[in-house]
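Asks: the following comprises the amino acid sequence and a computationally predicted model.
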Amino acid sequence: IRFIVSVSSPFGALADRVRPTTLLGVGLVLLVLSDVVFALWADVWGIGLGILLWGLHLGATQGVLSMLVAKTTDADWRATGFGLFNLASGMSLLVAGAAAGVLWDLAGPGASFGFGAVFALVALAWLATGVRSVKRLEEEG
């Protein structure tokens, strides 16, 4: 936990200077790398590196996600916005955790983390597509 807190501050400062979607993209790349390390490198060094990358991912993304909820929700509905965001996040984590557990049981940890990396890559592609759409709307408007 201390590590995540210690990397959150520099990422938070960076979030004041770059687009939030850029930091989300960096965070997703870190998540992909973490999952790949966990999938392929199952000794103490691999686990340590995977944890380090995962912590960097959390530091890069969690504060930015909260900032985006705050910035995109009307002040009168901000608490509801955070509640809905956390509900959706929690439900997603529940489904993802259950799927990862089933995959782990059926095919092992490498497959579970491998699929995690694939899903993170899909999220990164979706983010990149959305970023282009937002930029196009900003240029048209």
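Replies: Here it is on my side, so go on.
Asks: same for the helix or strand that T21 is a member of, what does it pack against?
Replies: Secondary structure from DSSP states H and E places T21 in helix 20-40. Packing partners of helix 20-40 (3 or more CB pairs under 8 Å, 6 or more residues apart in numbering; DSSP states H and E): helix 2-15, helix 44-72, helix 109-140. The C-beta positions use only the backbone N, C-alpha and C, and glycine is treated the same way.
Asks: what helices or strands is the helix-or-strand element of the chain with minimal mean pLDDT leaning on?
Replies: Comparing helices and strands within the chain by mean pLDDT, DSSP states H and E singles out helix 2-15 as the least confident, with a mean of 77. With contacts taken as 3+ CB pairs under 8 Å, 6+ apart, helix 2-15 sits against helix 20-40, helix 44-72.
Asks: how about the longest one: buried residues?
Replies: Buried residues in helix 44-72, defined by neighbour count with 16 or more other CB atoms under 10 Å: 50, 52-61, 63-64, 68-69.
Asks: thanks a lot, catch you later.
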